[in-house]
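Novice: From the sequence below, what's the structure:
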Amino acid sequence: MKHRKTNIFEKLSHYATMFTGTTKAFIIACLIIVVWLLTGPLFHFSDTWQLVINTGTTIITFLMVFLIQRMQNKDSHAVHLKLNELIASLKGPSNRLIDIEDLTEKELEILSSYFRSLSTLAKKEKDLSQSHSIEEAEELHVEKYAKDIY
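Specialist: Numbers count the residues shown, from 1 in each chain. As a prediction, this is how the structure comes out:
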């Protein structure tokens with residue numbers, strides 16, 4: 001897959017995300033705090049001295065929230081696409097799970113109740129490694145208990 005040209009903000013946020021998760025970034029942050037503490041006596045621990053660190057940390061925290069959320073959204077989207085590819089390529093799993101993240105909360109709860117039903121059916125199986133899609137499990141369940149009736 002060819003890499004497309006990315007805009008400057010995407011590149012900047014990528015590098016910032018990669019850097020801020022390193023030991024080097026942590027050490028730099030610690031050094032900034034140490035320098036700030038050491039300058040306390042020089043500035044007589046004034047309100048301005050305290051305001052410098054408060055303002056700096058507030059700005060960095062504000063920016064990091066958006067940076068982390070952006071990276072998390074991108075990673076989450078990539079994981080969803082990978083899972084969609086796996087579901088689409090396999091014969092057994094239900095294709096209704098592709099793009100499940102686009103469902104409403106109510107639709108997700110309905111699907112969740114189907115999986116709880118599937119879990120209940122699976123507990124009745126003698127073979128612990130047996131696995132089925134929702135549709136297969138419902139059909140097998142009906143067949144299995146229809147035999148018991150006759």
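
Novice: The host helix or strand of Phe62: what's the following helix or strand?
Specialist: Here Phe62 sits within helix 47-89, counting by DSSP states H and E. Once helix 47-89 ends, the next helix or strand along the chain (criterion: DSSP H and E) is helix 105-124.

Novice: packing partners for that following helix?
Specialist: helix 134-149 (3 or more Cβ pairs under 8 Å, 6 or more residues apart in numbering; DSSP states H and E). From N, CA and C alone the C-beta is placed, and that goes for glycine too.

Novice: The helix it packs on - what's its average pLDDT?
Specialist: What helix 134-149 shows for mean pLDDT is 62.

Novice: Give me the most central residue, the chain.
Specialist: Nearest to the mean C-alpha position of the chain, by Cα atoms, centre = their mean, lies Ser76 at 4.7 Å.

Novice: now it: how far from Leu97?
Specialist: 16 Å (Cβ to Cβ, to the nearest Å).

Novice: Likewise for Thr58?
Specialist: Separation of Thr58 from Leu97 (Cβ to Cβ) stands at 42 Å.

Novice: And for Leu118, the neighbour number?
Specialist: Residues lying near Leu118 (other Cβ atoms under 10 Å) number 19.
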